[in-house]
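Novice: fold the following, please.
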Amino acid sequence: MFDSLPERLEWYYGGPVLGLLIVGLFVIANQPLGASGAYVQTAGLIRRREGIVTWRVWYFVGMFLGGVLVTQVLRDGAEIRSGYDSLRNVFPLVLVIPMVFAGATLLGYGAAMAGGCTSGHGICGTAQRSPASAAVTASFMATAIATTFVLRLLTGGDL
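Specialist: I've put the predicted structure just below:
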């Protein structure tokens with residue numbers, strides 16, 4: 001059944017649908033759609049904090065369950081992959097594990113410092129014409145471009 005799903009959704013379908021979803025959410029709830037915000041709300045529910053926005057918790061749970069559904073139900077047995085095959089082709093596993101851990105730690109720290117994740121600022125924040133989100137998105141993109149350039153230089157173009 002997994003073969004009946006497209007490899008990826010074309011940008012000219014996904015982009016406008018995502019844009020309408022973002023605008024619709026602002027019209028209905030006056031709130032942005034962001035993954036890190038959903039994570040924070042879910043963590044707050046687990047810690048029994050007050051003022052939790054329930055739909056964000058369901059959004060977070062839905063992201064997890066959607067991944068489980070696709071890998072377990074729609075496929076004939078899930079193929080477990082790290083998602084870092086290109087990195088593993090260049091570096092040994094003993095280096096990849098601390099690199100991924102350090103990257104994830106920096107990503108979490110950056111999202112906390114920036115008040116949201118890349119998708120939240122890039123899609124929702126810039127849609128709100130937030131100068132802070134525009135600056136943060138520009139810094140995300142500049143850092144990604146610089147990191148890609150450095151990795152290509154260090155690995156001779158293998159990454």
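Novice: residue 134 and residue 126, how far apart?
Specialist: 6 Å (Cβ to Cβ, to the nearest Å). From N, CA and C alone the C-beta is placed, and that goes for glycine too.
Novice: which residues sit against the longest helix along the chain?
Specialist: The longest helix of the chain (DSSP state H) is helix 131-154. If you take Cβ atoms under 8 Å, 6 or more residues apart in numbering as the criterion, helix 131-154 is touched by 114-116, 118, 121-122, 124-126, 159.
Novice: list the buried residues for that helix?
Specialist: 133, 136-137, 140 (16 or more other Cβ atoms under 10 Å).
Novice: distance from that helix to the middle of the chain?
Specialist: Chain-centre distance of helix 131-154: 16 Å, with Cα atoms, centre = their mean, to the nearest Å.
Novice: please apply the same query to stretch 84-95.
Specialist: Using Cα atoms, centre = their mean, the offset of stretch 84-95 from its chain centre is 21 Å.
Novice: where does pLDDT dip in the chain?
Specialist: 1-7, 74-82 (pLDDT under 70).
Novice: which stretches of it form helices?
Specialist: Using DSSP H, helices in the chain cover 11-29, 35-46, 54-68, 85-90, 93-114, 118-119, 126-127, 131-154.
Novice: so the longest helix of the chain versus helix 93-114, what angle?
Specialist: 160 degrees (axes from the mean of the first three to the mean of the last three Cα atoms, to 10 degrees).
Novice: on that earlier part again, ChimeraX command for the buried members of the contacts of helix 131-154?
Specialist: Buried residues among the contacts of helix 131-154 (16+ other Cβ under 10 Å), as a ChimeraX selection:
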select :114,115,116,118,121,122,124,125
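Novice: for the contacts of helix 131-154, which one is nearest residue 20?
Specialist: Checking those against residue 20 with Cβ to Cβ, the nearest one is residue 124 at 13.2 Å.
Novice: quick one: contacts for residue 86?
Specialist: Applying Cβ under 8 Å, 6+ apart, the residues contacting residue 86 are 158-159.
Novice: how far away is it from residue 159?
Specialist: 6 Å.
Novice: the domain parsing of this protein - what is it?
Specialist: If you go by automatic domain parsing, the domain ranges for the chain are 1-80, 82-159.
Novice: run the chain-centre distance for the shortest one.
Specialist: Spelled out, that is domain 82-159. 10 Å.
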